[in-house]
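Undergrad: Attaching a predicted model along with its sequence, questions to come.
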Amino acid sequence: MRRAEIITAALMAGLSLYLMFKSMELPIGWIPGEGPGGGFWPFWLAACMFGSTVWIAINWFRRSSPPSQSEEPYLDSYAMKMFILVGGGVTGMIALVEIIGMHLAAAVFLIYYIRFLGGHSWKVTLGIALPTPVITFLFFDIALRKFLPTGLMDPLYIPLYDIFL
Amino acid sequence: MELLGLLSDGFLVAFEPLNLGLIVLGVVVGLFVGAMPGLGSVNGVAILLPMTFLVPPASAIMFLAALYYGAMYGGAISSIMLGIPGASTAVATTFDGRPLAMQGEADKALIAAALASFAGGTISVILFTLFAPPLASVALDFGDPEIFALMILAFATFVGLSGDDIAKTIFSICIGMVMSAIGFDIISGEPRLVLFDLIGFQSKINFLVLAIGIYGIGEMMWTIEVSRGETMMSKATITWERTMSNLKIIWGTWKAWLMGSGLGFFVGILPAAGATPGSLMAYGVAKMTSKDPSRFGKGAVEGVVAPEAANNAASTGSMLPMLTLGIPGSPTTAVLLGGMVIWGLQPGPRLFVTETDFVWGLIASLYAANLFAVIINIAFIPLFLWFLRTPFTILAPLIFVLSMVGGYASTERMFDVWLMLILGVGGYLMRKLDYPVAPAVLAIVLGPIAEPALRQSLLISGGDAMVFFNRPIAGPITIIALVLLFLPAIQFVWRKYVRGAKQTAG
């Protein structure tokens, strides 16, 4: 945990400096007749972020914050396993949206999670995974007219739109 | 009398069939959301907000406010039955609710929680009705310096009162504000902070992307890690005779729920405080003022009613600054406020003038939601207990799917779905290191209000920051904000030097 604390603080300090640098693309000082420039607000906020990371680093050095005193692992074996399986699964689901569309990606993800991570029966898995895309389609695409991405499956949806819209 | 007239008009709006149906639905969904460990009102409101685009804005916000209320009731169910708080707001309920359940008196704890929630909710809505109009009429005179001073006050409460790591709280506030500045300069319209020159950053980051990322994806990952799939459900025996005798015992605790209601309401008004510290404080005061404090922690009914009355009262209290000043009193109201902006309702005192029907309809809906919540809660306790048995390995993936779909529906950009994932995972990893996430969500909502207020104020004053000190309303607000900002430093100096010197002298 202690090492993660200082690494995170360093990364956030880097991000703060980058944000300060990007803010300077617009004037950060006073413009006569206009007041503070467009970069003023984010620049000083990013400067405060940077100041906070320095403060966090000082606390780390003095071991005065709980994570800087902790010798426990940042992610233990269970947390790491779940992080990879769950985080990876969600990332995979979003990546699949580009290929098979959001409705089908959701169904694939539900099968992956409920059946393979959760260890539930196929009956339970399919009982949830199959109606979900139907419900999301009817609610979002039809009722709300918010068309969710269909990916390469677009031709399959055209007849459905013809029926419902 | 005018107040009663406005309120009765509000009831006419709230009791329109669509609104009434949505209030009941909101309460039911809220009860389930609140009862599920790891899910609280803010998760429910953030994830379900995109689903409300189907109905008119006023109906949508009534639904979400009812959900907020229901979740406050629901949080107690898992605190008592599983020993795991359904939401952080119900942490204090576990202290005595769980021991009661372990002693075979789960029904007493559940009914006490529901009735105390009703008392807290009702008392706080009455206080809300009385306080909101005068506060809004004062706030109508606010100019840019006053608005910015209020923003500073909102964030100062996080630094001074939240109890989180101060450096990390400031970091969280600032990163939320910077995120709200991405896209373009709101005054000149020029592109600003187009990070890594990605096209997706050429427009504003919708607050829902952060809210769903943090409270949908991040929170689920956190719960999966913390719960490790281990829960132990208690049994509840509910009979008519037991219920009647329990009611007598609960009525005897009136001092505790009355105190919890008042305390919760006023703590709820403060942006950083809200329902969680409100309920913990109410528990502490109930214990402190009890004739026999040793019963607390072992199944004292007062230990259930005080925090439950307080967390419901705080949820109403947090809506007071949201509606009257345009400043959310809690993360949930921050999301609600963001939703109001999406729906074209500009939060703040002018709402009381321009959208009278909406404001009073919402206030009336709180009365109705409170009544439905207590009825549904008590009537369907067995159903909630059955629902609590739903394995997390079924609930979690459904929430991930809802987060993804809801995140896309709110902006219709895949870029935002990816950003939501990054912010959610990032939020989870930062939370493990004690970075508070709520200030960032509040900041992304308040940033677009705070920035123009600051720049306009400085423009009016010719760059003189004294504009925040020498105006009759802005001045005291700024000074209170500065005191709160420096409160931890003052406390540190007090503890280290003043008390140290006294001890040495003694």
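TA: Yep, it's here.

Undergrad: nearest residue to whichever residue of chain B sits closest to chain A other than its sequence neighbours?
TA: Residue nearest to chain A within chain B (C-beta to the nearest C-beta): B:Thr393, separated by 2.9 Å. In short, each C-beta sits where N, CA and C put it, glycine included. Excluding its sequence neighbours, the residue lying closest to B:Thr393 (C-beta to C-beta, 6 or more residues apart in numbering or on different chains) is A:Gly118, at 2.9 Å.

Undergrad: is it fair to say the residue of chain B closest to chain A lies in a helix?
TA: Yes. Counting by DSSP: H, G, I helix; E, B strand; the rest coil, B:Thr393 is located in a helix.

Undergrad: Name all residues that make contact with it.
TA: Listed by C-beta atoms under 8 Å, 6 or more residues apart in numbering or on different chains, the contact set of B:Thr393 reads A:113-114, A:117-120, B:229.

Undergrad: ok, now with 10 Å
TA: Residues near B:Thr393 by C-beta atoms under 10 Å, 6 or more residues apart in numbering or on different chains: A:113-115, A:117-120, A:124, B:224, B:229.

Undergrad: I'd like to know how many residues surround the residue of chain A found nearest chain B.
TA: Closest residue of chain A to chain B, C-beta to the nearest C-beta: A:Gly118 (2.9 Å). Counted with other C-beta atoms under 10 Å in any protein chain shown, residues neighbouring A:Gly118 total 19.

Undergrad: B:Thr390 versus that one, what's the distance?
TA: For A:Gly118, the distance to B:Thr390 equals 11 Å [C-beta to C-beta, to the nearest Å].

Undergrad: Next: A:Leu15.
TA: Relative to B:Thr390, A:Leu15 is positioned 39 Å away (criterion: C-beta to C-beta).

Undergrad: same deal with B:Val209?
TA: As it turns out, when the distance is counted by C-beta to C-beta, B:Val209 lies 28 Å from B:Thr390.

Undergrad: now do B:Arg295
TA: In this structure, B:Arg295 and B:Thr390 are 34 Å apart, going by C-beta to C-beta.

Undergrad: wait, B:Ile394 sits on A:His120?
TA: Yes. Counting by C-beta atoms under 10 Å, B:Ile394 touches A:His120, with 6.9 Å between them.

Undergrad: contact partners of stretch A:11-23?
TA: Residues lying outside stretch A:11-23 but in contact with it, judged by C-beta under 10 Å, 6+ apart, are A:28, A:37-54, A:56-57, B:168, B:171, B:174-175, B:178-179, B:181-182, B:192-197, B:201, B:430, B:435.

Undergrad: go with 6 Å
TA: When contacts are taken as C-beta atoms under 6 Å, 6 or more residues apart in numbering or on different chains, the neighbours of stretch A:11-23 outside the stretch itself are A:39, A:42-43, A:46-47, A:49-50, A:53, B:178, B:193.

Undergrad: what about it, distance to the chain center?
TA: Chain-centre distance of stretch A:11-23: 20 Å, with C-alpha atoms, centre = their mean, to the nearest Å.

Undergrad: List the buried residues of the helix or strand bottoming out on mean pLDDT in chain A.
TA: Counting by mean pLDDT, DSSP states H and E, chain A has its least confident helix or strand at helix A:154-164, which shows a mean of 85. Residues of helix A:154-164 classed as buried under the neighbour-count rule (16 or more other C-beta atoms under 10 Å in any protein chain shown) are A:Tyr157.

Undergrad: how about the CA coordinates for that helix, as PDB?
TA: The C-alpha coordinates for helix A:154-164 follow below in PDB (Å, rounded to 0.1, in the frame of the first residue of the first chain):
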ATOM      1  CA  ASP A 154     -26.600  -3.300 -38.200                       C
ATOM      2  CA  PRO A 155     -28.400  -5.200 -41.000                       C
ATOM      3  CA  LEU A 156     -30.100  -7.400 -38.500                       C
ATOM      4  CA  TYR A 157     -31.700  -4.500 -36.800                       C
ATOM      5  CA  ILE A 158     -33.200  -2.800 -39.900                       C
ATOM      6  CA  PRO A 159     -36.200  -5.200 -40.000                       C
ATOM      7  CA  LEU A 160     -36.700  -4.700 -36.300                       C
ATOM      8  CA  TYR A 161     -36.800  -1.000 -36.700                       C
ATOM      9  CA  ASP A 162     -39.300  -1.400 -39.500                       C
ATOM     10  CA  ILE A 163     -41.600  -3.400 -37.300                       C
ATOM     11  CA  PHE A 164     -41.400  -1.300 -34.200                       C
END
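
Undergrad: tell me the phi and psi of A:Gly39?
TA: Recorded main-chain torsions at A:Gly39 are phi -90, psi -10, according to degrees, to the nearest 10.

Undergrad: how about the residues of chain A that lie near chain B?
TA: Residues of chain A lying near chain B by C-beta under 6 Å from any C-beta of the partner chain: A:5, A:8, A:19, A:22, A:26, A:30, A:35-36, A:38, A:41-42, A:45-46, A:48-49, A:52, A:55-56, A:65, A:67, A:79, A:82, A:87, A:90, A:94, A:106, A:110, A:113-114, A:118, A:136, A:140, A:143-144, A:146.

Undergrad: pLDDT averaged over stretch A:84-94 - what is it?
TA: Across stretch A:84-94, pLDDT averages out at 95.

Undergrad: Show me whatever sits in contact with both of B:Ile394 and A:His120.
TA: Here B:Ile394 and A:His120 have A:Ile114 as joint contacts, going by C-beta under 6 Å, 6+ apart.

Undergrad: I figured B:Gly200 hits B:Asp416, correct?
TA: No. Using C-beta atoms under 6 Å, B:Gly200 is not in contact with B:Asp416, being 7.3 Å away.

Undergrad: thinking again about what came up before, with neighbour numbers in mind, choose between B:Val209 and B:Thr390.
TA: Set B:Val209 next to B:Thr390 and count neighbours by other C-beta under 10 Å: B:Val209 wins out with 26 against 12.

Undergrad: what's the pLDDT at that one?
TA: The predicted structure scores B:Val209 at 86 on the pLDDT scale.

Undergrad: Would you confirm that it contacts B:Asp416?
TA: Yes. Proximity of B:Val209 to B:Asp416 meets the contact threshold set by C-beta under 6 Å, at 4.8 Å.

Undergrad: what is in contact with the two at once?
TA: Contact criterion C-beta under 6 Å, 6+ apart; no residue bridges B:Val209 and B:Asp416 by contacting each.

Undergrad: Beyond the host helix or strand of A:Met93, next helix or strand please.
TA: According to DSSP states H and E, A:Met93 maps onto helix A:88-110. Next in sequence after helix A:88-110, counting helices and strands by DSSP H and E, comes helix A:122-129.

Undergrad: Identify each buried residue in the helix or strand following that next one, please.
TA: Sequence order places helix A:131-136 as the next helix or strand after helix A:122-129, per DSSP H and E. When neighbours are counted by 16+ other C-beta under 10 Å, the buried residues of helix A:131-136 are found to be A:132-133, A:136.

Undergrad: picking up where we left off before, need the contacts of B:Thr393 in CSV (columns: pLDDT and distance to B:Ile449).
TA: Below are the contacts of B:Thr393 laid out as CSV (pLDDT from 0 to 100; distance: C-beta to C-beta, whole Å):
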residue, pLDDT, distance to B:Ile449
A:Tyr113, 95, 39
A:Ile114, 95, 42
A:Arg115, 95, 46
A:Leu117, 92, 42
A:Gly118, 90, 43
A:Gly119, 91, 48
A:His120, 93, 46
A:Val124, 94, 47
B:Ile224, 86, 35
B:Gly229, 60, 42
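
Undergrad: Which of the residues you listed sits closest to B:Gly104?
TA: If you rank the contacts of B:Thr393 by distance to B:Gly104 using C-beta to C-beta, B:Gly229 comes first, at 25.9 Å.

Undergrad: domain parsing for chain A?
TA: For chain A, automatic domain parsing gives the domain ranges A:2-69, A:77-164.

Undergrad: out of the ones you listed, deepest packed?
TA: Relative to the other members of the domains of chain A, domain A:2-69 carries the highest mean neighbour count by mean count of other C-beta atoms under 10 Å in any protein chain shown, namely a mean of 18.

Undergrad: Up against chain A, what does chain B have?
TA: Residues of chain B found near chain A (C-beta under 6 Å from any C-beta) are B:53-54, B:165, B:167, B:170-171, B:174-175, B:177-178, B:181, B:185, B:188, B:190, B:192-193, B:224-225, B:393-394, B:397, B:400-401, B:405, B:409, B:417, B:421, B:425, B:433-434, B:451, B:455, B:458-459, B:463.
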